[in-house]
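Asks: please find the sequence and the predicted model below.
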Amino acid sequence: MSKNALIIFVKNSEIGKVKTRLAVTVGDEQALHIYKQLLSFTQRETAKVNVDVIVYYTSFIPENDSWAAAQNKLQSSGDLGNKMEEAFKVELTKYSKVCIIGTDCAQLSSDIITNAFDRLQHHDFVIGPANDGGYYLLGMKQLDSALFEGINWSTDQVLSQTIDQIKSLGKSYDLLAELIDVDTLDDWNLVRENFQ
């Protein structure tokens, strides 16, 4: 077992339930197709990272799970903050460094993920800022529930509010490069050439 774990929050690939903001402009079928491309990309990149991968599904664990050598679990109930806090709480009892990502970032490479774990050597937290005001990665060595309290999830305030919480705790953090989270057609158009 590695001393480091990468949690991946995965939505089950069900039509009408993934990339809903994108689906408004491209339709449910195309949104699902794009989501599956992002999923495959995330699988390829995370498979190159020398950590234990733990996939947390939203609704159910598929019988034919396609994540190689991953542990599979279900996300807890509540909002995104509750779900992430619970996942960190569980994994930090077994691992010294834990990072969490989703499957929306078409620019998140294995090198960036590896770098995130490296930066945790010298900082309490590491954050990967997304272009929408949120983050594509959050990493820590010790859980502090304050990071998930008072956050307006799914808004452009998530990153700034999280940083404010870290500062209020007197803890250190490091920022990775800003990347694009694919939420809208404009986002997809910026990264889709990577998938041709």
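Replies: Yep, that arrived.
Asks: what separation do you get for the closest residue to Glu45 other than its chain neighbours and Phe117?
Replies: Residue nearest to Glu45 in three dimensions, not counting chain neighbours: Ser110, with 4.8 Å by CB to CB, 6 or more residues apart in numbering. In this view, the C-beta of every residue, glycine as well, is placed from N, C-alpha and C. Using CB to CB, to the nearest Å, we find Ser110 at a distance of 11 Å from Phe117.
Asks: hang on, the earlier thing: burial of the residue nearest to Glu45, as a residue count?
Replies: 14 (other CB atoms under 10 Å).
Asks: residue contacts, it?
Replies: Glu45, Thr46, Ala47, Lys48, Val49 (CB atoms under 8 Å, 6 or more residues apart in numbering).
Asks: and the residue nearest to the third one when sequence neighbours are not counted, how many neighbours?
Replies: Using CB to CB, 6+ apart and skipping the chain neighbours, the partner closest in space to Ala47 is Ala68 (5.7 Å). Here the neighbour count serves as a burial measure; for Ala68 (other CB under 10 Å) it reads 10.
Asks: which strand or helix spans Val90?
Replies: helix 80-91 (DSSP states H and E).
Asks: chain center to the helix or strand that comes right after that helix, what's the gap?
Replies: Downstream of helix 80-91, the next assigned helix or strand under DSSP H and E is strand 97-101. Centroid separation for strand 97-101 versus its chain: 8 Å, with CA atoms, centre = their mean, to the nearest Å.
Asks: give the buried residues for the very next helix or strand once past strand 97-101.
Replies: Later in the chain than strand 97-101, the nearest helix or strand by DSSP H and E is helix 110-119. By neighbour count with 16 or more other CB atoms under 10 Å, helix 110-119 contains the buried residues Ile112, Ile113, Thr114, Asn115, Ala116, Phe117, Arg119.
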